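**Q** The following block contains a protein sequence and its predicted model.
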Protein chains: 2
Amino acid sequence: MIGEIVAIGDELTSGRILNTTSYFAASQLFAAGHEVAAMITIGDDPKLIGRTLLDSLARADFVVVTGGLGATSDDLTSEAVADALERPSTFYPEILDQIRASSKNAPAELRLSLEKLAWLPAGAHALKYDASTAGYFLVHENKPIFFLPGVPHEMEELLVETVISRLAIWEGEEVRQVRQLVYRVVGLLETQINECLAPLVDGAERVRIGYYPVFPEVHVSLTVVGVEALETDHLFTETDKEIRKLLGVHLYGTEAETLEAVVGRLLAENSMVLALAESCTGGLISHRITRVAGSSDYFLGGVVAYSNELKEQLLGVDGAIIAEYGAVSQETARAMAEGIRHGTGVDIALAVTGIAGPSGGTAEKPVGTVWFGLATAGETEVCKFCFDGERWQVQEAAANKALDLLRLTLIRHDYAKNQSCQLL
Amino acid sequence: MIGEIVAIGDELTSGRILNTTSYFAASQLFAAGHEVAAMITIGDDPKLIGRTLLDSLARADFVVVTGGLGATSDDLTSEAVADALERPSTFYPEILDQIRASSKNAPAELRLSLEKLAWLPAGAHALKYDASTAGYFLVHENKPIFFLPGVPHEMEELLVETVISRLAIWEGEEVRQVRQLVYRVVGLLETQINECLAPLVDGAERVRIGYYPVFPEVHVSLTVVGVEALETDHLFTETDKEIRKLLGVHLYGTEAETLEAVVGRLLAENSMVLALAESCTGGLISHRITRVAGSSDYFLGGVVAYSNELKEQLLGVDGAIIAEYGAVSQETARAMAEGIRHGTGVDIALAVTGIAGPSGGTAEKPVGTVWFGLATAGETEVCKFCFDGERWQVQEAAANKALDLLRLTLIRHDYAKNQSCQLL
């Protein structure tokens, strides 16, 4: 079914409170196979509430309204709905009994004010009524409208408990199947991925592909819709297979799996321990790795060798190498990686040295130039990449590239050796 | 002026992404004296985009549209708007030149696909065009419509830089005086700040104070509105003075000034150089310090001593101390701070060791227990704090506390010595 979500509250339109309830409702409705055509947020204005509800009803198969159901004077939803739908405000004694029973311990003056909660548009059916949560629904011109509280946890509970199940058994509704997956991609631009995947969508009305750049990565969503479950499953499986083939080694994970979690999993699977020597990334790679719970199993620590002194003192880099080739050079990257590996005795060590900017660049080594060194027992690999953007972008992109080089090394992909000095 | 905000994207209506851009726009427009009557979110459907824009234009004085401006096939906003407003898609060569100039280093095939960005509805004026950010506005039936990107940081930058100022000088609008300032506060809860500042707003209709928790800090906004400039300035200055007095040492900066930038400024002013020894924060403090351009002037680097081995090998902590008191103890924190200070010869060294969780806690040392050590030439201070929350929250709160301890030490405030083991 196609629905609309209407959220009511001055605190939302004035930007004082972030609206998370509509987001929650959309994700739950989507997961249940419904489509949300529009999410509308308006203030506590009775005329606007009435007009917005009538407009939504004219377009959608069902409407979810949140907010404005409480006992205080700025809660205007029920009155506004009664006017707009021409269903006079009606007193529901059984609702008042329920509310009173569940608020026995409340002060007398509060219990009196609760009476307002029992006046609802004619034809309303309670979803739940107690001292803390109020919610009802009514069917208007054969379309269900759900009225839920604005407080996130109350609204979320009622939505999951009552709205989703009532919509599932709604008569006359054709059951719609939805399958969705998010792919996390590194090393390709949004436009490059689009070019590569576009043929999958051409002429395929039931397949949608979305692109979401999450710097410096791109996340790609696949959505397949259908009427029959088996057929939808089949189309989804085939498209998924094709996407994985096309993205190849650039696809590092799906859904909420982060690059640092993938690297951690690969290190643990290979029983390897990692140490880091970071210069221009300044601790960002260590931070991302230690964000993952359990990282002490495969991460020993490292040195943030932000200055040349520390490169010599803590990593044992020969001062003559820095003097001859500079701190940003393949020679220094190699010496840093080998220095931290020998000093700590780990299986694999990664070093990063570059120019994050905004100053410090030269014609020969512009801002964004970053050398990576990867030392294992067998050998040390070095490679250079050039990143575009501001200081934070160079740092983020370099940290992501470092994690990706670790990933590619751990899956023994020789891509790492063959690519150098390109964007991203 | 009364406006509406229209956000476009399947990722929003399917509940995959939380819509924070409309919230940001509403709060900024509200602070600038405008009213947002409705915030509408719809999917990437050209007909729906067109109809929604026409409806909003019929009701509002101005419309802000976000999303769907990119170069990929699911970016449909400009085409839909051209159709709906009957303003044919027009090629703007000067916009293509701007985009090409700022993406000189991009691959040739990418640069070709950028041409799509230069086709806009007739009458469009560029707000900004480069490789990363696209935005334009047009005036339709005497009402301004702003088209901004959907990516939050791009959208927020353009909104603040261009939309607010263009609306302020919109003809026919009574010039309203607005003064605003954001205060950044550490070490106090939102409710504590509210209690302390609430009297300033009582009965003062022209003074608004907003609270925005940005974990683990709280940001407070002051907005003063008026009609006459001088009088508004006066009220703003008086209220600002009062707020600064009430927040005291908890106020560390204003507007976009970060805690790490303040610490950097204080280090530079005192001609002091810093080194770090991080255990449970895993590089996060180093990362925050090196995010600031020019940090190499006062930051030498440090050790991420995530394992006990590295605490001994790189910081010279006596293994007997760890064995007797544990890695999370005042003795180890002291030895780490003194170890990194002596090893590097810096003026001031900070060490952090704690239990970020989710596992590793005991009855005596629960998850969230963190010891800090601060070594200077004269002495070494240690103190303990207990943080609530999940792993990432303990890490973020501990890193913020470490930076704040540095700040308080550098301004020679004895608060650091007198507070121990409290929330935040």
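**A** Right, received. Where do you want to start? Numbers count the residues shown, from 1 in each chain, chains lettered A, B, ... in the order given.
**Q** for A:S73, phi and psi?
**A** phi -70, psi -20 (degrees, to the nearest 10).
**Q** A:V178 sits in which helix or strand?
**A** strand A:177-185 (DSSP states H and E).
**Q** Please identify the pairing partners of that strand and their relative orientation?
**A** strand A:217-226 (antiparallel), strand A:251-254 (antiparallel) (DSSP bridges).
**Q** what's A:A377 in contact with, if anything?
**A** Each residue near A:A377 by CB atoms under 8 Å, 6 or more residues apart in numbering or on different chains is listed here: A:D347. C-beta coordinates here come from the backbone N, C-alpha and C atoms, glycine included.
**Q** Roughly how far does it sit from B:L310?
**A** Taking CB to CB, to the nearest Å as the measure, A:A377 falls 19 Å from B:L310.
**Q** residues in contact with the strand holding A:V178?
**A** Under CB under 8 Å, 6+ apart, the answer for strand A:177-185 is A:30-31, A:33, A:193, A:217-229, A:232-233, A:236, A:240, A:243-244, A:247, A:250-255, A:257-259, B:14, B:16.
**Q** Check stretch A:308-319 too.
**A** With CB under 8 Å, 6+ apart as the criterion, stretch A:308-319 contacts A:277, A:279, A:303-305, A:322, A:327, A:332, A:335-336, A:339-340, A:342-343, B:275, B:300-303, B:314, B:343-344.
**Q** Would you mind listing which of those are buried?
**A** A:277, A:279, A:303-305, A:322, A:327, A:332, A:335-336, A:339-340, A:343, B:275, B:300-303, B:314, B:343-344 (16 or more other CB atoms under 10 Å in any protein chain shown).
**Q** Sitting in strands, which of the residues you listed do you find?
**A** Using DSSP state E, the members of the buried ones among the contacts of stretch A:308-319 that fall in strands are A:A277, A:V303, A:V304, B:A275, B:L300, B:G301, B:G302, B:V303.
**Q** possible to save the residues you listed as JSON lines with distance to A:E364 and pLDDT?
**A** Below are these laid out as JSON lines (distance: CB to CB, whole Å; pLDDT from 0 to 100):
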{"residue": "A:A277", "distance to A:E364": "23", "pLDDT": "98"}
{"residue": "A:V303", "distance to A:E364": "27", "pLDDT": "97"}
{"residue": "A:V304", "distance to A:E364": "26", "pLDDT": "97"}
{"residue": "B:A275", "distance to A:E364": "30", "pLDDT": "98"}
{"residue": "B:L300", "distance to A:E364": "26", "pLDDT": "97"}
{"residue": "B:G301", "distance to A:E364": "25", "pLDDT": "96"}
{"residue": "B:G302", "distance to A:E364": "30", "pLDDT": "95"}
{"residue": "B:V303", "distance to A:E364": "32", "pLDDT": "97"}
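**Q** which two in those are spaced the farthest apart?
**A** The distance between the two most remote of these (CB to CB) is 15.3 Å, for A:A277 and B:A275.
**Q** Tell me where chain A is predicted with low confidence.
**A** A:105-113, A:131-133, A:169, A:171-176, A:413-424 (pLDDT under 70).
**Q** ok but A:S22 is inside a helix, no?
**A** Yes: checked against DSSP: H, G, I helix; E, B strand; the rest coil, A:S22 lies within a helix.
**Q** The most centrally placed residue in chain A in helix, strand or coil?
**A** For chain A, A:A256 is the residue whose C-alpha lies nearest the centre (CA atoms, centre = their mean; 7.2 Å). Under three-state DSSP, A:A256 falls in the coil class.
**Q** Just read off the phi/psi values of A:I243.
**A** According to degrees, to the nearest 10, A:I243 has phi -60, psi -40.
**Q** residues touching it, list them.
**A** A:Y183, A:L197, A:L200, A:I209, A:V220, A:L222, A:L251 are the contacts of A:I243 under CB under 8 Å, 6+ apart.
**Q** distance of the closest residue to chain B within the stretch 101-250 of chain A from A:G123?
**A** Per CB to the nearest CB, the residue of the stretch 101-250 of chain A with the smallest distance to chain B is A:N194, at 4.4 Å. Plainly put, A:N194 is 49 Å away from A:G123 if you go by CB to CB.
**Q** who has more neighbours, the two?
**A** Between A:N194 and A:G123, A:N194 has the larger neighbour count (other CB atoms under 10 Å in any protein chain shown), namely 22 against 14.
**Q** does the residue nearest to that one when sequence neighbours are not counted sit in a helix or strand, and which one?
**A** Excluding its sequence neighbours, the residue lying closest to A:N194 (CB to CB, 6 or more residues apart in numbering or on different chains) is B:T72, at 4.4 Å. Counting by DSSP H and E, there is no helix or strand that carries B:T72.
**Q** Now that B:T72 has come up, it's in contact with A:E195, right?
**A** No: B:T72 lies out of contact with A:E195 (CB atoms under 8 Å); the separation is 9.1 Å.
**Q** which of these two has more neighbours?
**A** More crowded of B:T72 and A:E195, by other CB under 10 Å: B:T72, with 19 against 16.
**Q** ok, the more buried one - contacts?
**A** A:E190, A:T191, A:N194, A:Y211.
**Q** Narrow those to those in helices?
**A** Judged by DSSP state H, helices contain the following of the contacts of B:T72: A:E190, A:T191, A:N194.
**Q** was I right about the last one contacting A:G210?
**A** Okay, so that is A:N194. No: under the criterion of CB under 8 Å, A:N194 makes no contact with A:G210, lying 10.3 Å away.
**Q** Would you mind listing what in the stretch 1-150 of chain A touches chain B?
**A** A:12-20, A:22-31, A:35-43, A:45, A:48, A:52, A:55 (CB under 8 Å from any CB of the partner chain).
**Q** Just the helices from the stretch 251-400 of chain A, written as ranges.
**A** For the stretch 251-400 of chain A, the helices defined by DSSP state H, counting those that start in this stretch occupy A:259-269, A:284-290, A:308-313, A:319-325, A:330-344, A:391-410.
**Q** Can you say which of those is packed in most?
**A** helix A:284-290 (a mean of 28; mean count of other CB atoms under 10 Å in any protein chain shown).
**Q** What distance do you get for the closest residue to A:L403 other than its chain neighbours to B:E396?
**A** Counting by CB to CB, 6+ apart, A:L403 lies nearest to A:L259, which is 4.7 Å off, once chain neighbours are set aside. As judged by CB to CB, A:L259 and B:E396 stand 20 Å apart.
**Q** what's next to the helix or strand hosting A:A38, contact-wise?
**A** Under the criterion of DSSP H and E, A:A38 resides in strand A:35-42. With CB under 8 Å, 6+ apart as the test, strand A:35-42 has contacts from A:1-9, A:12-13, A:19, A:22, A:25-26, A:29-30, A:48-49, A:52, A:56, A:59-60, A:176, B:12-15, B:19, B:22, B:37-43, B:45, B:48, B:52.
**Q** Taking those residues, please make a PyMOL selection of just the buried ones.
**A** Command for PyMOL, covering only those of the contacts of strand A:35-42 found buried under the criterion 16+ other CB under 10 Å:
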select buried, (chain A and resi 1+3+4+5+6+7+8+9+12+13+19+22+25+26+29+30+48+49+52+56+60) or (chain B and resi 12+13+14+15+19+22+37+38+39+40+41+42+43+45+48+52)
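**Q** List the ones among the contacts of strand A:35-42 that fall in strands.
**A** A:2-8, B:37-42.
**Q** returning to that earlier point: which among the helices of the stretch 251-400 of chain A is found nearest to B:F385?
**A** helix A:284-290 (18.8 Å).
**Q** so what secondary structure elements neighbour that closest one?
**A** Secondary structure elements in contact with helix A:284-290, counted by 3 or more CB pairs under 8 Å, 6 or more residues apart in numbering or on different chains; DSSP states H and E, are helix A:259-269, strand A:274-278, strand A:299-304, helix A:391-410, helix B:284-290.
**Q** a strand runs through A:L159, doesn't it?
**A** No: per three-state DSSP, A:L159 lies outside any strand segment and is helix.
**Q** Many thanks, have a good one.
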